[in-house]
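Novice: sequence and predicted structure, then a few things I'm wondering about:
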Amino acid sequence: MEQKWPQRIWLVRHGQSAGNVARDAAEAEERLRIDIATRDVDVPLSELGERQADAMSTWFATLPADERPNVVLYSPYIRARATANCVIDRLSKYDVFAAQADERLREKEFGILDRLTPLAIRQQYPELAEQRAHVDKFYFRPPGGESWCDVILRLRCVLDTVSREYRKERVLIVAHQVIVNCFRYLLERMDEDAILSIDRAGDVPNCGITEYRFDTSSGKNGKLVRVQANFVAPLVETGTPVTSKP
C-alpha cells in the first residue's frame, strides 16, 4: 500500500512572545489582567524569542539536505509566523517548496477569558472557574472560546490536508503550546488522561521540537512514530535561555 503520511513531521512551539512576558509580569504582581494592547494574533516575539527562533533555525539548517524540512506550515499569528520565517530564511530556497500560513493552526481561542489571569477568572467568573475544575480543560469551553476538543477537531482537518498534499515530504509545523499537545494526542493516538498527564508534567518549551518519523515496520501499513519530544538542545548548545511559560 502506498505511504499516505509525510516522511517526517516536526511540531514546534513559537519562540517566547511579548505575551508570555506580560503574563509572567501580571501573575507575579497579582494583577487581574495581562497587559497586552494588541490582539492576540498580533503579539510579536520578544527579543529572547527571536534568539530562540534563530538557534532552532540554525539547527534545522545543519541537518543533511535530505533530512531538512521542505514544507513549512504555520499559524498566522505574528509570533508563530516570525518563528517559521526564521527557519524558511535559514534554509535554502531549494529546500522549501511549500510555505503557508494556515488559520486552523491558530492559538486556542479563550473567549471572554482572553487576557485574564487565573486570579481574575476566579474573582470575576467563579462559576466558570468551578466548571473548568469540574470538567477539566479537555472539555471546558469558555463562552466565545474553544475547548481542547474543538482544537482537535480542526487539527484533524489539518492532518487530512497533510496526508493528501504532503505524503512522503518533510513537514515542519510551527504553532502554539495547545496545538503541539493536541497534535500529539492525534498522532500518538492518546486518550484524555494521557495528554493531560503530559500537559500537567510541564509546559511545551518555546522553540522546543517534537519529531515524528514514518516507520514502515510499525502498524499494519506503517505509521508516524515519535522519536523525540520538546527537544531544546539547539537552544542549550548556543547558550540561549529555555522558556516554557503558558
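Specialist: Now that the structure is in, tell me what you want to look at. Numbers count the residues shown, from 1 in each chain.

Novice: so what's the spatially most central residue of the chain up against?
Specialist: Relative to the mean C-alpha position of the chain, the nearest C-alpha, by Cα atoms, centre = their mean, is the one of His176, at 3.0 Å. Taking Cβ atoms under 8 Å, 6 or more residues apart in numbering as the criterion, His176 is in contact with Arg13, His14, Ser75, Tyr77, Ala80, Leu105, Arg106, Glu107, Lys108. All C-beta spots, glycine's among them, are computed from the backbone N, C-alpha and C.

Novice: mind checking the SS state of the nearest residue to Ser218 once chain neighbours are set aside?
Specialist: Distance criterion Cβ to Cβ, 6 or more residues apart in numbering; nearest residue to Ser218, sequence neighbours excluded, is Val225 at 5.5 Å. Val225 carries the three-state label strand when classified by DSSP: H, G, I helix; E, B strand; the rest coil.

Novice: was I right to think Leu235 contacts Ala55?
Specialist: Yes - the pair Leu235 and Ala55 passes the contact test of Cβ atoms under 8 Å, sitting 4.9 Å apart.

Novice: common neighbours of these two, please.
Specialist: Overlap between the neighbourhoods of Leu235 and Ala55 consists of Cys207, taking contacts as Cβ under 8 Å, 6+ apart.

Novice: out of these two, which sits in the busier spot?
Specialist: Neighbour count, other Cβ atoms under 10 Å: between Leu235 and Ala55, Leu235 has more, with 25 against 22.

Novice: which SSE is that one in?
Specialist: Secondary structure from DSSP states H and E places Leu235 in helix 233-237.

Novice: now do Phe183
Specialist: Phe183 belongs to helix 177-187 when assigned by DSSP H and E.

Novice: about what we covered before: got the contacts of His176 as CSV, with distance to Ile36 and neighbour count columns?
Specialist: Formatted as CSV, those follow (distance: Cβ to Cβ, whole Å; neighbours: other Cβ atoms under 10 Å):
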residue, distance to Ile36, neighbour count
Arg13, 18, 27
His14, 15, 30
Ser75, 17, 24
Tyr77, 13, 26
Ala80, 16, 27
Leu105, 20, 24
Arg106, 16, 20
Glu107, 13, 22
Lys108, 16, 18
